[in-house]
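Generate a structure from the sequence data that follows.
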Amino acid sequence: MRKLGIVFGLALLVANAVAAGDRFWLRDGDQLLFWGDSITDDGVYPRMIENFTLTYYPARRVTFVNLGWSGDRASYYPRLSRDIQLATPTRVTIMLGMNDGLYKPFDPAALAAYLDGMQHLVEILRKKSDPDIFLISPTTYDLRCRRDVALGQDNIKRRPKIVFYPATLRRFTRALQRFADFGGFRYLDLNEATSELLEDLNAVSGDFQITDDGVHPNVEGQFFMALQMLDAMSAPRDVATVAVDARTGKIDSVYGCSVSELRVTGNGLAFLRKNARLPLPIYPSTREPILRVTRYYERWNRDILRVTGLDSGWYELRIDGHRVATLRSAELEQGVNLSRFWFTPMMLQAYRVFEATERRHDAFYTKWRRVLLKGVHSPHDFTPFRTAVNTTELDQEEERAFHDQHVWNQPKEHRFELRRVSAPEFKLTRRSIPASAFLNGMVRIHVEVDARGLRDFEPPLCLKGNFSYAPQYQWAILETYHMYHDVPVKMYDDGTHGDAKPGDGIYSVDLYFRKGSGTAKFRVQDGRFLREYWNRLDRPSHRNPELDHLTEVWAKLTGSKGTEITVRTDASRNVTWDKKLWKQAVAKGLW
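A predicted model of the protein is given here:
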């Protein structure tokens with residue numbers, strides 16, 4: 001008992017020390033307002049910051065309001081006077097500038113309008129609630145993904161040559177930094193940060209992009225932005241650390257958790273652990289190159305288990321009786337970051353927070369943009385809120401989601417077991433391991449598309465929809481629909497991922513959703529979308545626009561018909577953009 005008391009006392013001292021030294025920008029009771037253009041409207045980095053706060057600070061009640069609007073500029077500041085009615089912020093981030101340069105060579109008049117608009121935004125905010133303001137520069141304009149632009153042939157948007165625009169944005173960035181210095185505002189230079197990131201990505205993976213059109217960051221770009229902002233907010237990077245000496249049977253150190261009932265046997269060890277926080281859940285579709293370049297698992301979200309004194313060999317890690325990984329004793333001695341494993345009970349709980357955040361965001365966005373501002377489609381349309389509307393149901397849904405966020409973000413106690421095994425019995429291979437192998441309560445959606453009748457088809461087929469997908473596990477999580485960042489899900493005709501017969505022209509993919517999590521929406525595209533964002537197939541001015549939006553499929557994930565829902569679509573029915581046939585397809589309900 002004396003040993004356990006020492007362990008609990010040490011954990012308490014560590015927790016108190018962490019709390020005393022905490023410098024995170026968001027405090028209990030704060031409301032953070034995100035203000036910006038389409039990059040903010042897309043909503044990935046704001047929700048990553050929200051999820052971070054929820055999982056790392058479960059005792060704090062911080063609220064978040066995202067009022068970003070696609071196409072916004074600082075000179076459209078009258079919008080703030082209207083939309084600020086939905087918030088009383090104590091903290092505000094403002095990220096504008098991408099549109100303020102007007103996609104033209106540097107124009108002093110445009111810069112003057114930008115700075116004047118920023119001053120008006122600050123004055124409106126000070127009058128409302130005098131919040132702490134955090135100014136963020138625009139990201140860079142990435143010419144790598146616009147080969148036509150780099151060659152001075154920007155015909156798609158009918159804009160003049162735009163190779164100059166990165167330099168224009170740098171001028172705006174320097175001016176914003178001076179504005180922040182004079183006003184005493186917190187400031188982050190994302191323009192320089194994203195420029196350096198592109199250089200690093202070129203060295204790691206020359207064809208990997210953080211934006212599909214030069215302007216709007218995809219999920220990896222938004223992931224990087226969120227990390228930069230969290231760093232500027234003095235966010236912590238550690239979840240917890242436990243170091244155990246198996247030879248002496250003692251706890252060497254603990255951080256951010258409590259440990260009890262340590263038992264060492266000849267075959268391994270076991271103990272109970274309760275963290276003070278959960279790991280941060282990232283979007284499942286986040287791809288590996290950005291994790292490698294940012295050294296995410298080495299620098300962020302560190303939930304370290306270190307065990308020394310083990311006999312050399314392989315050990316199976318179980319948490320609450322579920323197998324998580326098979327690890328070498330040398331790996332355990334160096335320390336293993338448990339956040340690397342997606343199916344620990346802690347990470348699965350964090351993804352329930354993730355789902356609740358998506359629901360809360362969707363309820364607020366629907367109330368704001370589709371009810372209070374129904375019919376308003378531009379950030380420079382300053383039409384007042386509609387008054388004769390009832391938002392009670394949406395308010396209640398947002399409150400329910402907020403409640404669920406703060407139920408699921410409370411850490412729980414878990415039993416850890418390390419058991420020696422003769423050989424790796426459980427490890428990832430190149431073939432996908434379905435999420436159903438780890439989780440109960442999953443619904444499998446099997447999607448098939450018959451591509452045998454398609455003309456000028458460029459494989460592979462892919463799906464896009466309102467979900468984020470981890471291909472290594474075939475695991476999908478529903479999220480709010482986004483304009484720019486959703487990552488295509490590759491379909492297969494090779495006998496894997498649910499495909500019945502290799503090479504038969506029928507493309508398939510399995511997606512596992514949590515039962516009862518909502519409604520999944522799919523659309524089908526072919527492989528060229530993966531390479532050329534602006535040659536989207538739904539643009540009639542381009543060749544062969546047959547495959548975009550072939551079909552939209554809705555499937556309720558209630559599990560009422562068992563654990564498997566099969567959706568089959570025949571793409572050969574809808575393969576033309578001919579105006580006459582298009583109307584016929586719409587009339588028949590095929591489109």
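
Skipping its backbone neighbours, what lies nearest residue 77 in space?
Leaving aside its chain neighbours, residue 77 sits nearest to residue 120 (4.1 Å; criterion: CB to CB, 6 or more residues apart in numbering). Yep, even glycine has a C-beta here, placed from its N, CA and C like the rest.

these two touch, right, the one you found and residue 76?
No - Residue 120 lies out of contact with residue 76 (CB atoms under 8 Å); the separation is 9.9 Å.

Show me how far stretch 504-518 is from its chain's centre.
20 Å (CA atoms, centre = their mean, to the nearest Å).

What residues sit buried inside that stretch?
Residues of stretch 504-518 classed as buried by neighbour count (16 or more other CB atoms under 10 Å): 506, 507, 508, 509, 510, 511, 512, 513, 514, 517, 518.

what about the residue lying closest to the third one once chain neighbours are set aside, which SS state?
In this structure, residue 508 finds its nearest non-sequential neighbour in residue 499, 4.0 Å apart by CB to CB, 6+ apart. Secondary structure for residue 499, judged by DSSP: H, G, I helix; E, B strand; the rest coil, is coil.

Let me see the contact set for residue 499.
492, 493, 506, 507, 508, 509 (CB atoms under 8 Å, 6 or more residues apart in numbering).

sorry, back to before: the residue nearest to residue 77: how many residues sit nearby?
Residue 120 has 17 neighbours, counted by other CB atoms under 10 Å.

how much space between it and residue 63?
Residue 120 is 25 Å from residue 63, where distance means CB to CB, to the nearest Å.

quick one, helices of the stretch 351-500 of the chain?
392-408 (DSSP state H, counting those that start in this stretch).

Low-confidence ranges, it, go.
Flagging of the stretch 351-500 of the chain using pLDDT under 70 yields the residue ranges 424-433, 436, 438, 453-457, 481-487.

In it, what residue spans correspond to strands?
For the stretch 351-500 of the chain, the strands defined by DSSP state E, counting those that start in this stretch occupy 413-421, 442-450, 461-465, 467-470, 475-478, 489-490.

Of those, which stretch is the most buried?
Of all the strands of the stretch 351-500 of the chain, strand 475-478 has the most neighbours on average by mean count of other CB atoms under 10 Å, namely a mean of 25.

Domain ranges for the protein, per the record?
1-22+237-426, 24-235, 435-587 (automatic domain parsing).

right, so those: which one is the most enclosed?
domain 24-235 (a mean of 19).

gap between the two ends of that one?
Its first and final residues considered, domain 24-235 spans 5 Å by CA to CA, to the nearest Å.

before we move on, what about stretch 272-280?
Terminal-residue distance, stretch 272-280 (CA to CA): 21 Å.

List the residue ranges of the chain that fall below the pLDDT cut-off.
If you take pLDDT under 70 as the line, the chain has these spans: 1-21, 144-161, 206-207, 424-433, 436, 438, 453-457, 481-487, 521-523, 526-591.

can we see that at 80?
Within the chain, the ranges that satisfy pLDDT under 80 run 1-21, 42, 143-162, 204-208, 212-213, 423-466, 472, 479-488, 514-591.

Nearest residue to the residue nearest the centre of it in space, please, no chain neighbours.
Centroid-nearest residue in the chain, with CA atoms, centre = their mean: residue 283, separated by 3.7 Å. Excluding its sequence neighbours, the residue lying closest to residue 283 (CB to CB, 6+ apart) is residue 468, at 4.5 Å.

That neighbour bridge partners, please.
residue 477 (DSSP bridges).

in terms of contact, does it touch residue 287 like I think?
No - applying CB under 8 Å as the test, residue 468 and residue 287 come out as separate, 11.4 Å apart.
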